[in-house]
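S.K.: make a model of this:
(chains A and B)
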Amino acid sequence: MNEKLKPSDIHQGDSLPSVVKHVTQQEINLYAEASGDFNPIHIDETFAAKTPLGGTIAHGMLILAYASEMMTKAFGKSWLEGGKLSVRFKAAARPQDTITTSGKIDSIEFKEGISYVNCSLECCNQKGEVVITGGAVVKLQ
Amino acid sequence: MKNKESNSSPVSFKQLPIGYEFPSVSYELSASVITKYLEAVGEQPDILKSGIVPPLAIAACTMTASSQSFTVPPGSIHASQELEFLKLVPIGTTISCSGKIAQKLERGRLNLIVLEINALNQDGEKVLTGKATIAAPD
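M.R.: Next up, the predicted model:
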C-alpha cells in the first residue's frame, strides 16, 4: 500500500501497512520523560517486580503510537487531522517484546460527499497475544 | 514536558466527584520534547519529519498535564482510549488542556476512572479530544 491513499486506491478488505517495533526499557524511559508519565510500573524495575505484573511494562500510549504510525503511513494528513480511534489495552507490552501492528479496511462510507474509512487494528506481541485491539475511522481530505 | 501553569497539590482520585473539571493547564510542544518522543517511538513516516507533532504525542502530554490535579495508586493501568484528531499541530505550539472526570465505576477490586480531555492550540481551536479509562487497584 502507498504512503498515502487516495479514495480511488481504497477498497474494503485491504490490509494497512504493518508496523513492527521492538520495545526496550530505554525507549520506555524516554517516553516517560517526553510524556511526563513517570508511573513507577513503567520505569522502576524494583517496584514493578513486586507487583502482579512482575516487571516493568510499556506505557499503553507508547504502543498505541505504533498504531497511529500505521494509520499515518496509510492515510497521511487525513489521519493527522481527521482520524478517530477507539481501542482497548488487552495485555501489557514489556521490554524486549516485539510488537506487530496490523489493520485492515472494514468498510467505506460516503456521507455528504465525504469518504469515511472504517478500519480495524490490532497490536500483537511475538507470542501472538493481542496487546491492543480496536477500530479507527479516517475522514479522507 | 513542563507545564506553564499548575495549581493546587494533587489529591486522590477518590476525593473527586464525577463531573470534576481539571484546573486549566498549558504546556509547550517544544522541539526537545518532540525529539525525545520520536526517539522513544522510533522511525516515523515522512510527513512527521516536517515539523508536525504526532497526534499521539499531544494525547499523551495532554493526559499527563490534565491529570496532575489528582493521584491514582501506583500500579494503575490504562484500560481503554478514544481519541479524535482535529487539526495539524506544528512543533512549538502551546497547548491548553481542559478535561473532567466523566465517570467512576467499581469492577471487583478495581476502580475505573473515565477522563475526558480536550487540547486547544494558542488560537483557541480544538486540536484533539479524547476519553481515557484508567483502572486503579483498591
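S.K.: tell me the pLDDT at the residue of chain A most remote from its centre?
M.R.: The centre of chain A is farthest from one residue, A:Glu112, which by Cα atoms, centre = their mean lies 29.3 Å away. Per-residue confidence at A:Glu112 stands at 90 (pLDDT).
S.K.: do A:Thr100 as well
M.R.: At A:Thr100, pLDDT is 98.
S.K.: quick one: buried residues of the helix or strand in which it is found?
M.R.: A:Thr100 belongs to strand A:98-111 when assigned by DSSP states H and E. For strand A:98-111, a neighbour-count test (16 or more other Cβ atoms under 10 Å in any protein chain shown) marks A:99-103, A:105, A:108 as buried. The way it works is simple: take the backbone N, C-alpha and C, and place the C-beta from them, glycine included.
S.K.: got the contact list for A:Glu129?
M.R.: A:90-91 (Cβ atoms under 8 Å, 6 or more residues apart in numbering or on different chains).
S.K.: 6 Å instead?
M.R.: A:Ala91 (Cβ atoms under 6 Å, 6 or more residues apart in numbering or on different chains).
S.K.: how many neighbours does B:Leu48 have?
M.R.: By the criterion of other Cβ atoms under 10 Å in any protein chain shown, B:Leu48 has 21 neighbours.
S.K.: any regions of chain A where pLDDT drops low?
M.R.: A:1-6 (pLDDT under 70).
S.K.: looking at this, A:Thr133 is in a strand?
M.R.: Yes: assessed by DSSP: H, G, I helix; E, B strand; the rest coil, A:Thr133 belongs to a strand.
S.K.: other residues contacting the host helix or strand of A:Ala34?
M.R.: Secondary structure assignment for A:Ala34, by DSSP H and E: helix A:25-35. Residues from elsewhere that reach helix A:25-35 (Cβ under 6 Å, 6+ apart): A:38, A:42-43, A:58-59, A:62, A:95, B:33, B:36-37, B:39-40, B:60-61, B:64.
S.K.: quick revisit: need the next SSE after the strand holding A:Thr100, C-terminal direction.
M.R.: strand A:114-124.
S.K.: so which bits of chain B are right by chain A?
M.R.: Neighbours of chain A within chain B, by Cβ under 6 Å from any Cβ of the partner chain: B:1, B:33, B:36-37, B:39-42, B:45, B:47, B:55-56, B:60-61, B:64, B:74-75, B:78-85, B:87-88.
S.K.: okay, now A:Leu53: neighbour count?
M.R.: Neighbour tally, A:Leu53, other Cβ under 10 Å: 14.
S.K.: residues touching it, list them.
M.R.: The neighbours of A:Leu53, taking Cβ under 6 Å, 6+ apart as the test, are A:Ala92.
S.K.: now do the phi/psi pair for it.
M.R.: With angles defined as degrees, to the nearest 10, A:Leu53 sits at phi -80, psi -20.
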